[in-house]
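Q: Give me a 3D structure for the following:
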Amino acid sequence: VKIQGQNKEMLAAACQMFLGKTEAEIAHIALETLEGHQRAIMAHMTVEEIYKDRQKFSEQVFKVASSDLVNMGISVVSYTLKDIHDDQDYLHSLGKARTAQVQKDARIGEAEAKRDAGIREAKAKQEKVSAQYLSEIE
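A: Take a look at the predicted model:
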């Protein structure tokens, strides 16, 4: 985030909000505002939605928090989710289930490919033998 100096209205709002505050205090206020909006948006999304669609979650936080921070004279330069985690390892368990499914699908795909290759090989041998017999008969 940064205090918008080019826009006189935003600069005036920032002066009213933050005059006499340290840079750390301003950063703390901005952080608390972003965190508050994150919690509000989390309340309207399922854990799975947040975990699987981080982009949607980020965009919603950015949109809602930006309008609030603009009223304080701060513009949001960028908003990035660093990590999503929980204390009960629920998200980690979701990842395990998906990994197991992918591994299962890979094993099935490999087995089917081997089976199909075996069938094609057997057909090729059958055609070769048939051609040899026809040649011998002629």
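Q: which ones are touching the spatially most central residue of the chain?
A: Centroid-nearest residue in the chain: residue 54, 3.9 Å away (criterion: CA atoms, centre = their mean). By CB atoms under 8 Å, 6 or more residues apart in numbering, the contact list for residue 54 reads 81, 84. The C-beta positions use only the backbone N, C-alpha and C, and glycine is treated the same way.
Q: name the helices or strands packed onto the helix or strand hosting residue 130?
A: Assessed by DSSP states H and E, residue 130 sits inside helix 90-137. Applying 3 or more CB pairs under 8 Å, 6 or more residues apart in numbering; DSSP states H and E, we find helix 90-137 packed against helix 47-52.
Q: how far does the helix it packs on sit from the chain's center?
A: 8 Å (CA atoms, centre = their mean, to the nearest Å).
Q: Also stretch 49-57?
A: What separates the centre of stretch 49-57 from the centre of its chain is 5 Å, taken as CA atoms, centre = their mean.
Q: So which bits of that stretch are buried?
A: Using 16 or more other CB atoms under 10 Å as the test for burial, stretch 49-57 gives 50-51, 57.
Q: Which single one of those is nearest to residue 120?
A: Nearest to residue 120 among the buried residues of stretch 49-57, counting by CB to CB, is residue 51 at 42.0 Å.
Q: roughly how far apart are the closest one and residue 41?
A: Per CB to CB, to the nearest Å, residue 51 is found 14 Å from residue 41.
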